[in-house]
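Peer 1: Any chance you can model this:
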Amino acid sequence: MGRIKAKPEFCMGCHLCEVWCAVAHSKSKHIIKAFLYEQDKPLPRLVVEENLPLTFALQCRHCAEPDCVAACISGALWKDPESGLVIHDPEQCVGCYSCVLTCPYGSIFINPGKREIVKCDLCTGLDTMYCVSHCPNEALVYEDS
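Peer 2: Residues are numbered from 1 along each chain as shown. Sure, this is the predicted structure:
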């Protein structure tokens, strides 16, 4: 399974990865429609950490032995044995946020207004990883393992 790798030496903190991640997870997949017209505003599955002098995007690392999966009481998070991805099923999520508390990287986020979480899914089902393809400095790259 491949991963998105952050290269902090190239990140200037523009937050375009956050914007395009939200667009990727919107209904319309269109930047203007997503933010201006969709009732449920799309949320990014990553966050730019600005801890000067280092700035970098933080998203799920799809750990080999994820603490979040072990902590999930409802089975809403699981590790797909084929792809290696940590998958989230919002229909099963009970909103206990145990996964948020146990993630050692702080890369699982609470969806405000709903009792559920959001996390990076490597844009599963889409033709590109929006955060990688829209980063102007190539501070995010996809590496096959």
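
Peer 1: so what are the domain limits for this structure?
Peer 2: With domains defined by automatic domain parsing, the chain comprises 1-60+126-139, 62-119.

Peer 1: Need the three-state assignment for residue 70.
Peer 2: helix (DSSP: H, G, I helix; E, B strand; the rest coil).

Peer 1: my bad, should have said residue 131
Peer 2: Strictly by three-state DSSP, residue 131 counts as helix.

Peer 1: circling back to that earlier point, got TSV for the domains of the chain, with mean pLDDT too?
Peer 2: Compiled in TSV, the domains of the chain are given as follows (pLDDT from 0 to 100):
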stretch	mean pLDDT
domain 1-60+126-139	94
domain 62-119	95
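
Peer 1: need those domains in CSV with mean neighbour count, can you?
Peer 2: Just so you know, the C-beta spots here come from the backbone N, C-alpha and C atoms, and that holds for glycine as well. Formatted as CSV, the domains of the chain follow (neighbours: other Cβ atoms under 10 Å):
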stretch, mean neighbour count
domain 1-60+126-139, 17
domain 62-119, 16
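
Peer 1: which residues touch the spatially closest residue to residue 28 that is not a sequence neighbour?
Peer 2: For residue 28, ignoring the flanking residues on the chain, the nearest one in space by Cβ to Cβ, 6 or more residues apart in numbering is residue 34 at 5.4 Å. Contact analysis of residue 34 by Cβ atoms under 8 Å, 6 or more residues apart in numbering lists 22, 23, 26, 27, 28, 41, 42.
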